[in-house]
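**Student:** Below are the sequence and a predicted model for it; my questions follow.
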Amino acid sequence: LVLHFRTVFDPDDRSIVRFVDGDLQRPVRRQQNSYNTYLGPQPYYSRVGVYDDVVLETVGAASVSQLVVDVALSDDLATGRVTVEVEGISQREELELDVRLLAPDGAMVEQAGTPLSECKGTYQAEATLLVRDPELWWPRGYGEQPLYQVEVAIVADGEAVQRETRTVGFRRVTMPEMLHFCVNGVPVRLWGGNWVSPDWVTAVWNPQRAEQLFDIAENAHFNAFRVWGVVEATDDRFYELADQRGFLLWQDFTVLPLQPDEISRAICRQESAQLVRRLKQHPSILMWCGGNEAAMWHESEFGGPGGEWPGRVPAEQDVAEVCRELDPARFYLPNSPYYGIDANDPKQGDTHGYTNMWYVPGYDDLLFASEDTRIAAPPLRSLKRFFAPQDLWPESYSPVYRHGNAYPWPESWMGYTTSMSWKKTGPVEQFYDATNA
């Protein structure tokens, strides 16, 4: 096995990011937040080379190129349905698809077999399994998380030439009111946080770190995560952990193309479909969301609520159509935040708490906080350990917070913080004027 790869650095100036005609250009396809001071590492750099297992696979009679599993539960919660769609390549004309559904205790619940329709070296097939009175999957805090196994085998001459396994759960999600969800007929209060990335430096999946973060989330009584779309894609194991631990997932798509040209829209549709097909069998997936904050920051620039914003066409048309076609049972939100008198209206849709420093009507009784942050200074003993003495409380600093102040603390503090922390400190009406450090 010989691997060839080029440097991700520009051979002329050795920089990772640069601006060409005002546009940010990167020789590698990573999320923008890997290359800025908001959440990315400093200085900028990118991983290069092999950072996971390498597998050499020889194909015999046939192989699976795509496996899609869909799970549904009837309105009365009495009948579960599993639909399996499989595609692949074949060197034989006579193949069979064998599908088995195993209960949480390992006992076989249902089995189906069907001949594969081979045509010019490829095949495709579909099988459906029904199960009466399935054990129901619940979010944590509302019940147990029984998981079934779907075993798929491609059979030639009575022997399986390839096996694939998917884990599924039976639950029914409804939304009687905007962003108010019921699971198996029971209203569920969502309490959680945004899943960003366990390791910003390499973006390589770290199972130990992920387990630790789930432990911390359980200790905080979380039962939900919003999978933030503006970071590296999450590993399959993340969704398995969510299934096992009873976490509901608000799943963002990645950054949408800013310009609605046909090539970009085609790529967007293709990648969106890949994500939906890959994940939709997971009981933890609660809903889909087209992207993050494109409408919120750009509406005023493009004419206010209902106006144009970068990514609007693919979000409202292309990704919406993909979700409607491939996974119609789940709710789709074109952007986060999205609905209201403006995109960040706390009363009509979801809201992001970036206006925390100012008074926001309705914020004390918001509908759904899909992204929110409160930041406070560490204890004084900690500040003294990593602040230069002259920066902690400058002699010229006035603690009175007046209109026009950029920061709720001394400007010298800005060298010790990041991620726009200064605007995430809480509503100004809750401030008290400090007289010393």
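**Tutor:** Noted; the coordinates are in hand.

**Student:** what residue ranges in the chain are flagged as low confidence?
**Tutor:** 6-30, 35, 40-47, 118, 255, 298-307, 354-357 (pLDDT under 70).

**Student:** Give me the contacts around the longest helix anywhere in it.
**Tutor:** The residue-count maximum for a helix in the chain (DSSP state H) belongs to helix 262-279. Outside helix 262-279, the residues that touch it by CB atoms under 8 Å, 6 or more residues apart in numbering are 66, 68, 236, 239, 251, 253-254, 256-257, 285, 288, 313-314, 318-319, 321-323, 326-327. (C-beta placed from N, C-alpha, C; glycine too.)

**Student:** Would you write a ChimeraX line that selects the buried entries of those residues?
**Tutor:** Buried residues among these (16 or more other CB atoms under 10 Å), as a ChimeraX selection:
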select :68,239,251,253,254,256,257,285,288,313,314,318,319,322,323,326,327
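
**Student:** Mind checking which of the contacts of helix 262-279 are in strands?
**Tutor:** Per DSSP state E, strands hold the following members of the contacts of helix 262-279: 66, 68, 251, 285, 288.

**Student:** Could you dump those residues into a markdown table with distance to residue 108 added?
**Tutor:** As requested, the ones in strands among the contacts of helix 262-279 are exported to a markdown table (distance: CB to CB, whole Å):
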| residue | distance to residue 108 |
| --- | --- |
| 66 | 25 |
| 68 | 22 |
| 251 | 31 |
| 285 | 26 |
| 288 | 32 |
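
**Student:** Show me which of the residues you listed is closest to residue 223.
**Tutor:** residue 285 (14.1 Å; CB to CB).

**Student:** Quick check: beta-bridge partners of the closest one?
**Tutor:** Following DSSP bridges, residue 285 is listed with bridge partners residue 249.

**Student:** Please verify my assumption that it contacts residue 252.
**Tutor:** No: when contacts are counted by CB atoms under 8 Å, residue 285 is not listed as touching residue 252 (11.6 Å).

**Student:** Excluding covalently adjacent residues, which one is nearest to residue 1?
**Tutor:** Sequence neighbours aside, residue 56 is the residue nearest to residue 1 in space, at 6.3 Å (criterion: CB to CB, 6 or more residues apart in numbering).

**Student:** In which helix or strand does the one you found reside?
**Tutor:** Applying DSSP states H and E as the criterion places residue 56 outside every helix and strand.

**Student:** and the gap between it and residue 221?
**Tutor:** 46 Å (CB to CB, to the nearest Å).

**Student:** quick one, which of these two is more surrounded?
**Tutor:** Taking other CB atoms under 10 Å, residue 56 and residue 221 do not tie; residue 221 has more neighbours (10 against 5).
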